[in-house]
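[1] Mind folding the following:
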Amino acid sequence: MHLLSIIEEISQSEKLPFIVIGGYAVIAWGVPRQTIDLDLLVAKDAQEAWKTALCARGFQLESEQAAFTQFHSQAFGRLDLMHVQLATFEKMHGASELKALNGTTVRVASIPHLIALKLHALKHGESERKFKDFTDVLRLVHIAGMNVRGEEFKALCEKHGTEQLYEEIVYFSS
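    Residues are numbered from 1 along each chain as shown. Just a heads-up that it's a prediction; the model follows:
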């Protein structure tokens, strides 16, 4: 059984919605890449319920921060939960799409929301992740046929990234 099957089972039995983000979401949109963990977006209000449900199924809490909770399982590896305000979660959930991943149909972040998350990670993240996240953005932009010179994309970059990131994406998308 794959980790996504376990997550979907928890989601259904506990009525805890989630959205796949991170590497698995990029894969679901057709970008071939490797990932070592599963990243999920959940509502902050559901954070404790997720923690209880995961620990009851053998996951061990590794780290808990304001916006992230990290778990580990001997059988499944690392699982990261990103928790956001309910209104943000509902907006992203409404725009998410059902995708088949590892034999399980799950909600995956929309490409614009996934790009926003990647831009935020690039703006605030660790330098060793830059190449992977930047490449993900370029590939997602290409798959979606986004106009990187358009006002909508520029506004997305200004809100979640930086002017320099925007200029680099335009340069490398040409």
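
[2] Could you pull out the buried residues of whichever strand or helix holds residue 157?
    Using DSSP states H and E, residue 157 sits in helix 151-160. For helix 151-160, a neighbour-count test (16 or more other Cβ atoms under 10 Å) marks 153, 154, 156, 157, 160 as buried. Backbone N, C-alpha and C define where each C-beta goes, glycine included.

[3] could you say what helices and strands that helix packs with?
    Contacts defined by 3 or more Cβ pairs under 8 Å, 6 or more residues apart in numbering; DSSP states H and E place helix 151-160 against helix 111-124, helix 163-173.

[4] Same list (the buried residues of helix 151-160) but as TSV, adding pLDDT and distance to residue 102.
    TSV is the format used below for the buried residues of helix 151-160 (pLDDT from 0 to 100; distance: Cβ to Cβ, whole Å):
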residue	pLDDT	distance to residue 102
153	96	31
154	96	35
156	96	29
157	95	31
160	96	28
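
[5] if we can go back for a sec, alpha carbons of the helix holding residue 157, as CSV, please.
    What follows is the C-alpha trace of helix 151-160 in CSV, where atoms were taken according to Å, rounded to 0.1, in the frame of the first residue of the first chain:
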residue,chain,number,x,y,z
GLU,A,151,0.3,40.9,-16.1
GLU,A,152,-1.3,38.0,-14.3
PHE,A,153,1.9,36.0,-14.1
LYS,A,154,3.9,39.1,-13.1
ALA,A,155,1.4,39.8,-10.3
LEU,A,156,1.7,36.2,-9.1
CYS,A,157,5.5,36.6,-8.9
GLU,A,158,5.3,39.9,-7.2
LYS,A,159,2.9,38.6,-4.6
HIS,A,160,4.7,35.3,-3.8
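
[6] need the helices for this protein, in chain order.
    With DSSP state H as the criterion, the chain has helices at 3-14, 22-28, 47-56, 86-95, 111-124, 130-144, 151-160, 163-173.

[7] Select, out of those, the one closest to residue 74.
    For those, the distance to residue 74 is smallest for helix 3-14, at 12.1 Å, taking Cβ to Cβ.
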